[in-house]
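**Q** Output the structure for:
(2 chains)
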Amino acid sequence: MALLEFNEVSYIYPNGLKAISNLSLKIDRGEFVFLIGHTGAGKTTLLKLIHREIVPTEGTIFFDNVDISTIPWSQVPYYRRKIGVVFQDLKLLNYKTAFENVAYALEITCLPPKKVIWRVPRLLKNVGLWEKRNFFPDELSGGEQQRLAIARAIANDPLVLLADEPTGNLDWDTAEKIMEIFLEINRRGTTVIMSTHNLELVRKYKKRTIKLSRGYLIDDYIP
Amino acid sequence: MDLNLDKLRAGTYYILKELKSNISGNLGMALISTLTITLAMIIIGLFMISYANFKRIEAKLSSYVKVHVYLSDKLSQEEIDKLIDKIKEHPEVIDVTFIPKDKVFKRVFEGLDIKLKRKLVYNPMPNLLEVSISSSERIEDVVNYISKLKGVEDIEYWQKYFKALRKIIDALKKAFSLVTFLILVASVFIISNTIRLTILARHREIRIMQLIGAAHWFIKTPLVLEGMLISTVGSLLAILLLNLIYIRIYKWFSNTATLLSLLSPSGLYKLWITLLLGSVVIGAIGSYLSLENSLRELERKEGT
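**A** Predicted coordinates:
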């Protein structure tokens, strides 16, 4: 059984824009999936649908055998804890240090402070940011901010990691370093879905690639 | 929701941390709201104190309440006894004393000019029943009841005085209800607005909390606590001020008016507790009202 299953999913924004059209696909546990397509192809909308920020206008999305449209509002936070997200704009808290930003993701799940203090260093070391734990996001480079966002996204051991254009503003070397972190997370069993414009990365790493155009799935390449 | 003791303890700790962060991040607004609530609670408190004191004065006066029932001269002693029994049947009647016409005469004409007394050929005063009743609130009932009885010529009581006092108390009760209602609605609105402003000021952080999986109660609780804290501190300030003012008034009043003494300041503790609990509830309602809508709106607006 697939971890994630889209069945004829469509999504129309309130302004009438059809962002996803009749999309059906399955993603298994432990897969690494690139999501490619031009701007406006529907990549971010697809990630938002998985994250349950929006619900399909038509069709169903099953996550771990649960139709996520039926999850009541009160239970949505618990669903979201199964999904880590690296947002396009990172959504880091600028008045908190790197350590506190990661700790925050654990605190909101009411993890006891002792366990938070034990887990955060491991997460920051995984992304190579332990030395900069007391830095504020503004004091970090673009790549470091990206890594901080990744550390926060994986803090609660999610089943799936969604990354929206995580290498968008980074140079090739930094982008490769970020990719290595994603691959390492994937090797540990987390499903990774990453939207990107960087076709060189896609070509280099040869992973399953889903191509969207104007909301339609036009290619699903499995190497 | 997985709630074990460790998580509960941790949750409480994080919520208090959030509360501190909310208040320090929005201190100006929190202070203004607190002072507004103080003002509102002072107004409600003043009404409550006035009402409680008027009720006390009325209760005190009612202990002096006696209805004078003048009897017909045609009544025999046996009929008078029957009449007394009938009057005693009324539940508000505590006691009935018979005063024969000679004594009534003495009471009325005692101290009058002796010459005038001599000119009176006969005693013009009727027999009198002095009826003690339990509460001035039911005086009209008792008078109505007695006036229908056979052999009653006339009834006299401090009718006008009690009617006036009752009117004041009733008017105060109505004004108190209306003003309290308006102030309560305004207070709920003030708290609700403060919390909405907190949400606006921290919308980015709250949105991040929503996105990374913070439970609704985790987001809401510090905000509800903030509203409750504002109204509690506001009402505590009001209680402190009212108490100080009241003690001064009480001292002044007890030096000047002896008959109608005010409630002692220590006797107002029930009133303060009511005010405090009321404000805690107002804080909770006010903040909760703005929360549900604001958080859903945030989710909807940011999601699309």
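**Q** Skipping its backbone neighbours, what lies nearest residue B:254 in space?
**A** Closest residue in space to residue B:254, ignoring its immediate chain neighbours: residue B:261 at 5.9 Å, by C-beta to C-beta, 6 or more residues apart in numbering or on different chains. No exception for glycine: its C-beta is placed from N, CA and C like everyone else's.
**Q** moving C-terminal of the lowest-mean-pLDDT helix or strand in chain B, what's the next helix or strand?
**A** Using mean pLDDT, DSSP states H and E, helix B:114-119 stands out as the lowest-scoring helix or strand of chain B, at a mean of 59. Per DSSP states H and E, helix B:114-119 leads on to strand B:128-133 as the next helix or strand towards the C-terminus.
**Q** quick one on the thing from earlier: now the residue nearest to residue B:254: how far from chain A?
**A** Distance, residue B:261 to chain A, using C-beta to the nearest C-beta, to the nearest Å: 56 Å.
**Q** quick one, strands of chain A?
**A** For chain A, the strands defined by DSSP state E cover A:4-12, A:18-27, A:32-36, A:58-63, A:66-67, A:83-86, A:160-164, A:191-195, A:208-213, A:216-221.
**Q** Would you mind finding the most buried of those strands?
**A** With neighbours defined as mean count of other C-beta atoms under 10 Å in any protein chain shown, the strands of chain A peak in mean count at strand A:83-86, which reaches a mean of 26.
**Q** Establish whether it and chain B are in contact.
**A** Yes - using C-beta under 8 Å from any C-beta of the partner chain, strand A:83-86 reaches chain B at residue A:85.
**Q** Can you give the strand pairings for that strand, parallel or anti for each?
**A** strand A:160-164 (parallel) (DSSP bridges).
**Q** how about the nearest residue to residue B:175 once chain neighbours are set aside, what does it touch?
**A** Among residues not flanking residue B:175 along the chain, residue B:47 sits closest, at 7.2 Å (C-beta to C-beta, 6+ apart). For residue B:47, the contact set (C-beta atoms under 8 Å, 6 or more residues apart in numbering or on different chains) comprises B:172, B:175-176, B:179-180.
**Q** Which among these count as buried?
**A** The neighbour count (16 or more other C-beta atoms under 10 Å in any protein chain shown) marks B:172, B:176, B:180 as buried among those.
**Q** Next, the contact list for residue B:141, please.
**A** Per C-beta under 8 Å, 6+ apart, neighbours of residue B:141: B:90, B:92.
**Q** and the next element down the chain from the strand or helix carrying it?
**A** Residue B:141 is part of helix B:139-147 when elements are defined by DSSP H and E. With elements assigned by DSSP H and E, the helix or strand that comes after helix B:139-147 is strand B:152-156.
**Q** That next one to helix B:139-147, inter-axis angle?
**A** 160 degrees (axes from the mean of the first three to the mean of the last three C-alpha atoms, to 10 degrees).
**Q** Strand B:152-156 pairs with which strands?
**A** strand B:66-71 (antiparallel).
**Q** just checking, residue B:276 touches residue B:235?
**A** Yes - assessed by C-beta atoms under 8 Å, residue B:276 is found in contact with residue B:235 at 5.4 Å.
**Q** Among those two, which residue is more densely surrounded?
**A** Of the pair residue B:276 and residue B:235, residue B:235 is the one with more neighbours under other C-beta atoms under 10 Å in any protein chain shown, namely 29 against 17.
**Q** about what we covered before: for the helix holding residue B:141, which residues meet the burial criterion?
**A** B:139, B:142-143, B:145-146.
**Q** where exactly do the helices run in the chain?
**A** Looking at chain A here, since you left the chain open. A:43-50, A:76-80, A:98-107, A:113-126, A:142-153, A:172-187, A:199-205 (DSSP state H).
**Q** think we crossed wires, I meant chain B
**A** Counting by DSSP H, the helices of chain B are B:5-25, B:27-62, B:77-88, B:101-109, B:114-119, B:139-147, B:159-201, B:203-211, B:216-256, B:269-303.
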